[in-house]
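Chemist: Give me a model of this one.
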Amino acid sequence: MRVALIGSADFGKAALDAFLDRGDEVVAVFCPPDNPKSTKPEVLKEAALARGLNPLQFTSLKGAEAAQAMIDSQADICVMAYVLQFVPQELCKIPTHGTIQYHPSLLPKYRGPSAINWAIALGEEKTGLTIFRPSDGLDEGEVILQKEVAIGPNDTLGSIYFDHLFPVGVKALLEAADLVVAGKHQEIPQDESSANYEGWFDANAAQIHWAIHISQIYNLIRACNPAPGAWTKFGEQKVQIYDCHKHVAATFGAVKGKPGEVTQITLDSFFINCHGGQIEVLKAKGAAGKVTGAELAKELNLQVGQFFVL
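Modeler: Next up is the predicted model:
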């Protein structure tokens, strides 16, 4: 088939490689303009050039120039893989079989840009991906294909995305494109009564409050690993926590000490009290970069009985 691709970053590159490697003809690659503040080139742009393709880097996809480029491509289908720019319906409808888009959640749940973070932080036991028809509403179009992924008790943002939603998502784009071009797909409207939208999982969302329950703190740390990094403060020093264990108290009154209190320092880690148990910090980041919990304790000159900011 003749494929037009709109995307960016590693996921966009993987989609490009997957279509080309199985013998499809990629007739247009749309990716964002180069970021003047970054020394790293756009991954999809570089991948397209390496494959002998001429990437199209429009500042906006809403103009006549972008539409004409899509018309000229004579694409059978357009595939959207990690898209950072708004794509108008006028552009989506140009290919013979329209456009399909990837989203890393089971729509209509977790619409928005940080779907995986929120699913883990809010304690979900499963998530997944959706291939759908993009509309002018955010992640609101008809569903074509969905795949479920379990969220294990120790999974992080990194493990869910890179081990599951990334590779399964690339395969799902190929599968959905085949179904659509063959006319064998279904388009199922999303149930708006079950929809929710979550915004960016930003620094405010990533802040640890030690007085809340241990399960919420543990989920938050997993949801922020590797980015944006759940954070707290020791005095004025910002500390980001990545790898950790949770130690749930056997009974309600078994936790000795107050929330945020350092209770133990070991050769590998240190422990912080919270409601219902203790978080054992295994890997974190202070002023010196990512280190083990014990190395951070030494950097901060931590002592048992001291407190992280609530």
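Chemist: Quick check, Tyr242 in contact with Arg222.
Modeler: No. Here Tyr242 does not reach Arg222: they are 9.5 Å apart, not a contact under CB atoms under 8 Å. The C-beta positions use only the backbone N, C-alpha and C, and glycine is treated the same way.
Chemist: between the two, which one's more packed in?
Modeler: Arg222 (26 against 21; other CB atoms under 10 Å).
Chemist: Secondary structure element for the more buried one, which one?
Modeler: helix 214-223 (DSSP states H and E).
Chemist: Check what contacts the next helix or strand after that helix and list those residues.
Modeler: Counting by DSSP H and E, the next helix or strand C-terminal to helix 214-223 is strand 230-234. The contact list for strand 230-234 (CB atoms under 8 Å, 6 or more residues apart in numbering) reads 203, 206-208, 210, 220-221, 223-224, 238-242, 260, 300, 302, 306, 308-309.
Chemist: So which of those residues sit within helices?
Modeler: Among these, the residues falling in helices (DSSP state H) are Leu220, Ile221, Ala223, Leu300.
Chemist: Pull the number of nearby residues for the third one.
Modeler: By the criterion of other CB under 10 Å, Ala223 has 26 neighbours.
Chemist: list the contacts for it?
Modeler: Ala223 touches Ile116, Asn117, Trp118, Ala119, Ile120, Ala121, Thr156, Leu157, Phe201, Ala230, counting by CB under 8 Å, 6+ apart.
Chemist: and Pro167, how far is that from Trp118?
Modeler: Here Pro167 is placed at a distance of 21 Å from Trp118 (CB to CB, to the nearest Å).
Chemist: Which of the two has more residues huddled nearby?
Modeler: Neighbours were counted for Pro167 and for Trp118 using other CB under 10 Å; Trp118 has more, 23 against 13.
Chemist: helix/strand/coil for the more buried one?
Modeler: For Trp118, the assignment made with DSSP: H, G, I helix; E, B strand; the rest coil gives helix.
Chemist: Now do the residue lying closest to it once chain neighbours are set aside, the pLDDT please.
Modeler: With CB to CB, 6 or more residues apart in numbering as the measure, Glu198 is the residue that lies nearest to Trp118, at 4.3 Å, once sequence neighbours are left out. pLDDT for Glu198: 93.
Chemist: for the one 4 residues further on, same thing?
Modeler: In the prediction, the pLDDT value recorded for Asp202 is 96.
Chemist: so it touches Gly229, yeah?
Modeler: No. Asp202 is beyond contact range of Gly229, at 11.6 Å (criterion: CB under 8 Å).
Chemist: Between these two, tell me which one has more neighbours.
Modeler: Gly229 (18 against 11).
Chemist: what separates the more buried one from Met80, distance-wise?
Modeler: For Gly229 relative to Met80 (CB to CB), the value is 28 Å.
Chemist: How is the protein divided into domains?
Modeler: As assigned by automatic domain parsing, the chain contains the domains 1-96, 104-165+175-201, 214-300.
Chemist: burial count for the residue nearest to Trp118?
Modeler: Neighbours around Glu198, by other CB under 10 Å: 19.
Chemist: for it, what are its contacts?
Modeler: Counting by CB under 8 Å, 6+ apart, Glu198 touches Tyr110, Arg111, Gly112, Ser114, Ala115, Trp118.
Chemist: What confidence value was assigned to the last one?
Modeler: Yep, that's Trp118 we're talking about. pLDDT at Trp118 comes out at 98.
Chemist: In this structure, what residue spans correspond to helices?
Modeler: 9-21, 43-50, 64-73, 89-92, 115-121, 157-160, 166-182, 214-223, 293-300.
Chemist: For the buried ones among the ones in helices among the contacts of strand 230-234, write the corresponding PyMOL selection.
Modeler: To isolate the buried members of the ones in helices among the contacts of strand 230-234 in PyMOL, using 16 or more other CB atoms under 10 Å:
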select buried, resi 220+221+223+300
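Chemist: Perfect, that will be all.
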